[in-house]
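>>> Show me how the following folds:
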Amino acid sequence: MNTKKDKIEKMVLITCIYLCYRSKICMVINMKLFKRENYLKKIRGFYDATDLIKVITGVRRCGKSSLMLTIAEELVDRGVSEDNIIYIDLDKRGYRNLKSTDQLDALIEEKTMKIKGTKYLFIDEVQNVDGFEEVLNGFRSEDDYSIFVTGSNSYLLSGELVTKLTGRYIEFEIYTLNFEEYESMKLFYKKTISSNPLEELSSYIIDGGFPRSIQFDSVADRRTYAQNVIKEIFEKDIRRRIKVKDRDAFEVVKNFVINNYASPISINNIVDSLRKNGNKITKPTVIKYIQALLDAKIIYDCSRYDMKSKKSMKGEKKYYLADLSFCYALNADNQMNYGPSLENVVYIYARSHDYTVSIGRIGKLECDFILRDHDLNYSYVQVAYTILASKETEDREYKSLELIKDNYPKYVATTDYLLQKRNGIKHINIIDFMKNCEKF
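Residues are numbered from 1 along each chain as shown. Just a heads-up that it's a prediction; the model follows:
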């Protein structure tokens, strides 16, 4: 039986949460947010879909919460009443006592019971409530709630969500800013953009694409911010999810993978390399730690595809970073290797435009990326800083593409402004290509 004290505590909790979410909605209405149109256009068709829960995923601090606030802003601009928008951020201080499904259910019911028409429910960090899936599904089944949620990836992408909400949710994956967004957001915040495109690209590579990072003026501050994002991911997404008995060993594996991004490596390579340096670490532990990095979306894995046998190849993969600032924040200098950096930039750009990405193998030659879109059309991309250094360099980048006999488009992507034509293969300036939001 509820005591008088329990009832008072419940009322205080609900009042605090109400004030928090009302202030947040007011902030949205009174402060214009940078619109990430590349993602908004994918979600707009689902704004009123009460039968589907909209799940927004992505590495921490990539802009998921701001995207939800932008959606709320667009709904208000479209004529939806503020009262029909319910915003709950479970990572905020006032919500720390809200842990049970009964509390979450009661809160939503309390805030929506007198509202007529479609209720637009936004919940940030929903995984803070154990069993949230049943609550979401319960309100979804009432057919007058349009539900949007974000959360820590290692929780949201777990088997529980897939099992309990199969066919009832749609996922939208968000990435840190691609190069076009990076420049656009700098203009939005009235930050200086270099007149030298290569200089601007170098800044993007070192600074990374975390939206909040752009607002800091010094490189040191941006680096500190990236370092703290990594720490936050470890504490909130990894340590709570898996048991890390040896923090030092985890750091060694993490740093090894991050520092070898865009290079072909296998689990055995990692184990052998670490053991040579005196780290006695087992293969199962390395697998466990890499999976934790993948679940938290610090890294993405990219598998090889044998174009002759038309089969995926087991073993070696390449790992790409969710944000290049992870690498530069962990290292003492800004010495840049443009080859893997440009590969990483193109990988994130392609993923942000909904391409499925793999690495092509043609005999002994490699195609940097095989891209496939939603319509199952393919394109092939080679990435290099320049092909103008020598005839040998040019031949190396074109050779693997010339061996591909189908008629899908093929690209050599470089930073060159003097562009060539060769055997129908498109030589593109990758900076201009990304700035114009072009598709491969």
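>>> Check whether residue 60 really touches residue 237, as I assumed.
Yes: judged on Cβ atoms under 8 Å, residue 60 makes contact with residue 237 at a distance of 6.8 Å. All C-beta spots, glycine's among them, are computed from the backbone N, C-alpha and C.
>>> More neighbours: which of those two?
Set residue 60 next to residue 237 and count neighbours by other Cβ atoms under 10 Å: residue 237 wins out with 24 against 18.
>>> Can you show me the strands along this structure?
Ranges of strands in the chain, per DSSP state E, are 53-57, 85-89, 119-124, 145-150, 169-173, 264-265, 299-306, 311-321, 356-362, 365-372, 378-383, 410-414, 421-422, 425-429.
>>> Residue 279: which of these is closest?
Between residue 279 and these, the tightest spacing by Cβ to Cβ is seen for strand 264-265, at 15.5 Å.
>>> if we can go back for a sec, do you know which of the strands of the chain lies nearest residue 250?
strand 299-306 (13.6 Å).
>>> tally of neighbours for the closest residue to residue 432 other than its chain neighbours?
Leaving aside its sequence neighbours, residue 432 sits nearest to residue 197 (Cβ to Cβ, 6 or more residues apart in numbering; 7.9 Å). If you count neighbours by other Cβ under 10 Å, residue 197 ends up with 17.
>>> start at 51 instead
Will do, 51 is the new start, and the previous item becomes residue 247.
>>> separation between residue 247 and residue 420?
Separation of residue 247 from residue 420 (Cβ to Cβ, to the nearest Å): 27 Å.
>>> Then residue 354?
Taking Cβ to Cβ, one finds residue 354 at 10 Å from residue 420.
>>> Give me the common contacts of the two.
408, 409, 410 (Cβ atoms under 8 Å, 6 or more residues apart in numbering).
>>> neighbour-wise, which of those residues leads?
Among the shared contacts of residue 354 and residue 420, residue 410 has the most neighbours (other Cβ under 10 Å), with 22 neighbours.
>>> Isn't residue 202 up against residue 289?
No: using Cβ under 8 Å, residue 202 is not in contact with residue 289; the gap is 11.6 Å.
>>> quick one: which of these two has more around it?
Neighbours per residue, other Cβ under 10 Å: of residue 202 and residue 289, the larger number sits with residue 202, 25 against 14.
>>> now the more buried one: how far from residue 349?
In terms of Cβ to Cβ, residue 202 sits 16 Å off from residue 349.
>>> ok, back up a step: now render the strands of the chain as a markdown table, adding mean pLDDT and distance to residue 147.
Listed next are the strands of the chain as a markdown table, based on pLDDT from 0 to 100; distance: least, Cβ to Cβ, whole Å:
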| stretch | mean pLDDT | distance to residue 147 |
| --- | --- | --- |
| strand 103-107 | 94 | 25 |
| strand 135-139 | 93 | 13 |
| strand 169-174 | 96 | 16 |
| strand 195-200 | 96 | 20 |
| strand 219-223 | 92 | 27 |
| strand 314-315 | 89 | 45 |
| strand 349-356 | 90 | 35 |
| strand 361-371 | 83 | 36 |
| strand 406-412 | 91 | 42 |
| strand 415-422 | 94 | 46 |
| strand 428-433 | 96 | 50 |
| strand 460-464 | 97 | 51 |
| strand 471-472 | 90 | 65 |
| strand 475-479 | 97 | 54 |
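>>> Quick one: those as a markdown table, columns for distance to residue 334 too.
Below are these laid out as a markdown table (distance: least, Cβ to Cβ, whole Å):
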| stretch | distance to residue 334 |
| --- | --- |
| strand 103-107 | 27 |
| strand 135-139 | 37 |
| strand 169-174 | 35 |
| strand 195-200 | 32 |
| strand 219-223 | 28 |
| strand 314-315 | 17 |
| strand 349-356 | 18 |
| strand 361-371 | 17 |
| strand 406-412 | 26 |
| strand 415-422 | 29 |
| strand 428-433 | 34 |
| strand 460-464 | 38 |
| strand 471-472 | 48 |
| strand 475-479 | 43 |
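>>> looking at the ones you listed, which is closest to residue 338?
strand 349-356 (14.2 Å).
>>> Give me the contacts around the closest one.
307-308, 311, 314, 340, 343-344, 361-363, 365-372, 397, 401, 407-411, 420.
>>> Quick one: the helices in the stretch 301-450 of the chain, in order.
Taking DSSP state H, counting those that start in this stretch as the test, the helices found in the stretch 301-450 of the chain are 317-326, 333-345, 375-380, 388-402, 441-452.
>>> quick check: domain ranges of the chain?
Using automatic domain parsing, the domain parsing of the chain gives 54-223, 229-485.
>>> Would you single out the least confident of those?
Comparing mean pLDDT across the domains of the chain, the weakest is domain 54-223, with a mean of 83.
>>> what's residue 405 in contact with, if anything?
Counted by Cβ under 8 Å, 6+ apart, residue 405 has contacts 421, 422, 423, 490.
>>> Please apply the same query to residue 369.
307, 310, 311, 312, 315, 349, 350, 351, 352.
>>> Repeat the analysis, applying 6 Å as the threshold.
Residues in contact with residue 369 (Cβ atoms under 6 Å, 6 or more residues apart in numbering) are 307, 311, 349, 351.
>>> Pull out the buried residues from those.
307, 311, 349 (16 or more other Cβ atoms under 10 Å).
>>> Relative to residue 267, how far out is the first one?
For residue 307, the distance to residue 267 under the criterion Cβ to Cβ works out to 31 Å.
>>> So of the contacts of residue 369, which two are at opposite extremes in space?
Within the contacts of residue 369, 311 and 351 form the most distant pair, 10.9 Å apart (Cβ to Cβ).
>>> which ones are touching residue 370?
Here residue 370 is in contact with 311, 350, 394, 397 (Cβ under 6 Å, 6+ apart).
>>> Adding distance to residue 140, write these out as TSV.
Formatted as TSV, these follow (distance: Cβ to Cβ, whole Å):
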residue	distance to residue 140
311	32
350	27
394	32
397	32
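>>> Nearest to residue 260 among these?
Using Cβ to Cβ, the contacts of residue 370 come closest to residue 260 at residue 394, 14.7 Å.
>>> if we can go back for a sec, which of the contacts of strand 349-356 are buried? Put it as a PyMOL command.
Selecting the buried subset of those in PyMOL, with 16+ other Cβ under 10 Å as the burial test, is done by:
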select buried, resi 307+308+311+340+343+344+366+367+368+369+370+371+372+397+401+407+408+409+410+411+420
